[in-house]
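Engineer: show me how the following folds:
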Amino acid sequence: MPTLFRWLFYGYLGRALGTMVAMLAIYVIIELFDKSRYLGSGMNFSILTEYILLKIPFMVSEFMPIILLISASIYVAEISHHQELAAIRAAGLGINKLLIPLLSIGLLAALLNIAITEWVTPTTNQRLDVIEHVNIHKQADPQRGIQWLKDGRNFYRLAPLTNDRFTMLMLQTDEKGRWVKRMDAAQAHYANGKWILSDVHISTPSAEEGMQLVHRERVTFTSEVGPDSADPPSPRHMRFFELYHYANSLERAGLSASSFVLTLNRKLCIPVACIIMVLLAVALSMNMGSRISATSWGLISAISLGLLFYVFGNASSLLAGGEKLSAAYSAWLPNLVFGGMAGFLILHREGK
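Structural biologist: From the prediction side, this is the model:
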């Protein structure tokens, strides 16, 4: 690994981590002041601490592009002010020698964002929703309780064990409504249009014996009715391929899937935004001299554009929610605008 690459890589990595810690500290302070008013009325200090810790992964994934934008702006402005950038260019090295180490950090941040949104936030968001509904807003627990579902002449009673595991009582009836089979499963799981039951006791009426009882370790049968039939899942609780298949199912049924399509595309566009923000920071903050005014204006512009990017993203999401814009287009619109801006500024600066 070349010395220049290592120096730029670790320098930017340190600023990025410092910026992340600073932003998280600001968030924790704001949340403590905001949520402490609920202490004693449904929330205690341990739940408040849990709420803040669980929300940190969401905040990191949501603000990762802005963290990279601000930290890259600070770092590039710093090396510009100390004439180090001018020395790099005077040595005949192109802008790619500056961009590659910074973009490497952006790529690592994008991969971290993908990992968080795929394997962390779907679980933490479920618990966050429970705390917000039950402890903060005094509403009913959003987690499903006991459900009764109907599929033709089959009736299912589901009692939750975990997020996707249930105990099941299934009653099968004839055309006159008389029961012909009962299945009691210690554990039931629904996947790919099939119920998979474990430790099943099957009861059927018998004229000779009154009732026949059979035990099966595993029973599988096809059904169009699953645990989400009565209560659709929140897109915040789903992973990428779960979102993809669920959105396709809704669209095939002629139902609106905008919230699921929006969340699906945001899982892709936020990592891409990490790369775009690095390019934008370099374009705004790169300065060949030590002029404090130029450096300051570049940093101020970067912070302003970071806030604008966040506001723009929320506004486009609202438009998608109101079905004023396509969900996929709304998710990618901020990237298209700011990516074009970053490309134009870099090309314009290099053309000078």
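Engineer: can you tell me the centre-most residue of the protein?
Structural biologist: For the chain, the residue nearest the mean C-alpha position is residue 117 (3.9 Å; CA atoms, centre = their mean).
Engineer: from residue 341, how far out is it?
Structural biologist: As judged by CB to CB, to the nearest Å, residue 117 and residue 341 stand 25 Å apart. Bear in mind the C-beta positions are built from the backbone N, C-alpha and C, glycine included.
Engineer: what are the C-alpha coordinates of the helix or strand of the chain with the lowest mean pLDDT, in CSV please?
Structural biologist: Ranking every helix and strand in the chain by mean pLDDT, DSSP states H and E puts helix 84-90 at the bottom, with a mean of 77. Extracted in CSV, the C-alpha atoms of helix 84-90 (Å, rounded to 0.1, in the frame of the first residue of the first chain):
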residue,chain,number,x,y,z
GLU,A,84,-0.4,19.5,1.6
LEU,A,85,-2.8,19.3,-1.3
ALA,A,86,-0.8,21.9,-3.2
ALA,A,87,2.3,19.7,-2.7
ILE,A,88,0.5,16.6,-4.0
ARG,A,89,-0.5,18.5,-7.1
ALA,A,90,3.0,20.1,-7.5
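Engineer: buried residues, that helix. List them.
Structural biologist: Of the residues in helix 84-90, those buried under the neighbour-count criterion (16 or more other CB atoms under 10 Å) are 85, 88.
Engineer: in contact with the residue nearest to the centre of the chain, which residues?
Structural biologist: 61, 267, 270 (CB atoms under 8 Å, 6 or more residues apart in numbering).
Engineer: can I assume the first one sits in a helix?
Structural biologist: The one in question is residue 61. Yes: assessed by DSSP: H, G, I helix; E, B strand; the rest coil, residue 61 belongs to a helix.
Engineer: give me the next element, helix or strand, following the helix or strand containing the residue nearest to the centre of the chain.
Structural biologist: Taking DSSP states H and E as the criterion, residue 117 maps to helix 96-119. Counting by DSSP H and E, the element after helix 96-119 in chain order, helix or strand, is helix 121-130.
Engineer: list the buried ones in that following helix?
Structural biologist: If you call a residue buried by 16+ other CB under 10 Å, then helix 121-130 has these buried ones: 121, 122, 124, 125, 126, 128, 129.
Engineer: OK, contacts around the first one?
Structural biologist: Okay, so that is residue 121. Residue 121 makes contacts with 57, 58, 61, 236, as judged by CB under 8 Å, 6+ apart.
Engineer: which of those residues sits closest to residue 346?
Structural biologist: residue 61 (26.4 Å; CB to CB).
Engineer: that closest one: neighbour count?
Structural biologist: Using other CB atoms under 10 Å, residue 61 is surrounded by 22 other residues.
Engineer: so it versus residue 131, what's the distance?
Structural biologist: Per CB to CB, residue 61 is found 19 Å from residue 131.
Engineer: and the helices in this structure, which stretches?
Structural biologist: Here the chain has its helices, by DSSP state H, at 3-35, 45-81, 84-90, 96-119, 121-130, 240-252, 258-285, 292-321, 327-350.
Engineer: next, the contact list for residue 267, please.
Structural biologist: 114, 117, 118, 240, 243.
Engineer: which residue lies farthest from the center of the chain?
Structural biologist: Centroid-distance maximum for the chain: residue 208 at 58.1 Å, with CA atoms, centre = their mean.
Engineer: may I see the contacts of residue 121 arranged in a markdown table, with pLDDT and distance to residue 321 as well?
Structural biologist: Shown next, in a markdown table, are the contacts of residue 121 (pLDDT from 0 to 100; distance: CB to CB, whole Å):
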| residue | pLDDT | distance to residue 321 |
| --- | --- | --- |
| 57 | 95 | 23 |
| 58 | 93 | 18 |
| 61 | 94 | 20 |
| 236 | 91 | 13 |
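Engineer: chain center to the least confident helix or strand of the chain, what's the gap?
Structural biologist: Relative to the chain's own centre, helix 84-90 is displaced by 40 Å; criterion: CA atoms, centre = their mean, to the nearest Å.
Engineer: burial check on residue 321, number of neighbours?
Structural biologist: With other CB under 10 Å as criterion, residue 321 counts 14.
Engineer: show me where pLDDT drops low in the stretch 151-300 of the chain?
Structural biologist: Applying pLDDT under 70 to the stretch 151-300 of the chain picks out residues 163, 207, 209-210, 229-232, 253-255, 287-296, 298.
Engineer: please redo it, this time with the cut-off set to 80
Structural biologist: Applying pLDDT under 80 to the stretch 151-300 of the chain flags residues 162-164, 176-179, 206-211, 227-233, 249-256, 286-299.
Engineer: and residue 211, what does it touch?
Structural biologist: Applying CB under 8 Å, 6+ apart, the residues near residue 211 are 203, 204, 205.
Engineer: at 10 Å instead, please
Structural biologist: Taking CB atoms under 10 Å, 6 or more residues apart in numbering, we find residue 211 in contact with 182, 203, 204, 205.
Engineer: could the residues you listed go into JSON lines alongside neighbour count and distance to residue 4?
Structural biologist: JSON lines is the format used below for those (neighbours: other CB atoms under 10 Å; distance: CB to CB, whole Å):
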{"residue": "182", "neighbour count": "17", "distance to residue 4": "73"}
{"residue": "203", "neighbour count": "15", "distance to residue 4": "75"}
{"residue": "204", "neighbour count": "15", "distance to residue 4": "77"}
{"residue": "205", "neighbour count": "13", "distance to residue 4": "82"}
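Engineer: widest-spaced pair of those?
Structural biologist: Across the contacts of residue 211 (CB to CB), the longest gap, 9.2 Å, separates 182 and 205.
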